[in-house]
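[1] requesting a structural model of the entry that follows:
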Amino acid sequence: MVEWRKRFRRSSIPATAGVPWIASSIATSTLAWWTISCEARVPFLDHKLVEFAARLPQNLKVSGLNSKIVLKRLAERYIPQETIYRRKVGFTVPLTRWFVGPWRGLISDVLLSDRCLDRGYYDADVVRGIVADHLQGRVDREQGIWLMLALEIWHRLFVDDDGSEAAVARVKGDFARSLDELVPA
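    A predicted model of the protein is given here:
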């Protein structure tokens, strides 16, 4: 797959309202989502709507800790109030399931490898215990496993190697067996 940034040309992004970074940010985000076959757009890009909102008095936009006041009042006509006024919910990645499912081999190949454990970053017995606890469902160690996995891959790319595209290929080669299980041919 071609990295999305290589397909992206900043010259193709129009400057908008004197703040070209907005257009760049939107295009960058859109292209990133496209790489995984998803659509993502900032919902209010119509310049007339943006200009109208900019002219609204501040008290119709923000009051204390409440924001988007006019927008929420309008939304009440179409959307249940419990949806409009609920707390924000982030997008969660199902790492817990992935680590016991399709990424199980990757976790073992990376975190439990002699190469990782011999670095001295961690006590090897503690790492083995964390991974075992998680894989056997005793304790959810998602966050710790994710952090150690990221650190080890970073170390292999930028400390053991030079961070180049060739380095990425070499690191992928380290995990070839695990990656073949994750990515269908």
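
[2] so what touches stretch 92-102?
    Outside of stretch 92-102, the residues within contact range by Cβ atoms under 8 Å, 6 or more residues apart in numbering are Ile107, His134, Leu135, Gly137, Asp140, Glu142, Ile145, Trp146, Glu181, Leu182. Bear in mind the C-beta positions are built from the backbone N, C-alpha and C, glycine included.

[3] measure it end to end?
    Terminal residues of stretch 92-102 are spaced 17 Å apart (Cα to Cα, to the nearest Å).

[4] show me what counts as buried in it.
    Leu95, Thr96, Trp98, Phe99, Val100 (16 or more other Cβ atoms under 10 Å).

[5] okay, and for this protein, where does confidence drop off?
    Across the chain, the ranges flagged by pLDDT under 70 are 1-44, 177, 179-185.

[6] just the helices in it please.
    For the chain, the helices defined by DSSP state H occupy 4-7, 20-34, 47-55, 69-75, 81-84, 95-100, 104-111, 114-117, 124-135, 142-158, 165-174, 176-182.

[7] tell me the one of the buried residues of stretch 92-102 nearest Trp154?
    The closest of those to Trp154 turns out to be Leu95 (Cβ to Cβ; 17.0 Å).

[8] and that closest one, how far is that from Glu152?
    15 Å (Cβ to Cβ, to the nearest Å).

[9] what residue in the protein is the furthest from its centre?
    Pro57 (35.5 Å; Cα atoms, centre = their mean).

[10] domains of this protein?
    Domain segmentation of the chain under automatic domain parsing yields 1-45, 56-91, 95-182.

[11] what's the most buried one of the ones you listed?
    Sort those by mean neighbour count, taking mean count of other Cβ atoms under 10 Å, and domain 95-182 sits at the top with a mean of 14.

[12] and the nearest residue to Gly137 once chain neighbours are set aside, how far is that from Leu111?
    Nearest residue to Gly137, sequence neighbours excluded (Cβ to Cβ, 6 or more residues apart in numbering): Val100, at 7.2 Å. For Val100, the distance to Leu111 (Cβ to Cβ) stands at 14 Å.

[13] please tell me how far the residue nearest the centre of the chain sits from His47.
    Among the residues of the chain, the one closest to the centroid is Val93, at 8.2 Å (Cα atoms, centre = their mean). In this structure, Val93 and His47 are 34 Å apart, going by Cβ to Cβ.

[14] try Cys116
    Counting by Cβ to Cβ - Cys116 and His47 are separated by 52 Å.
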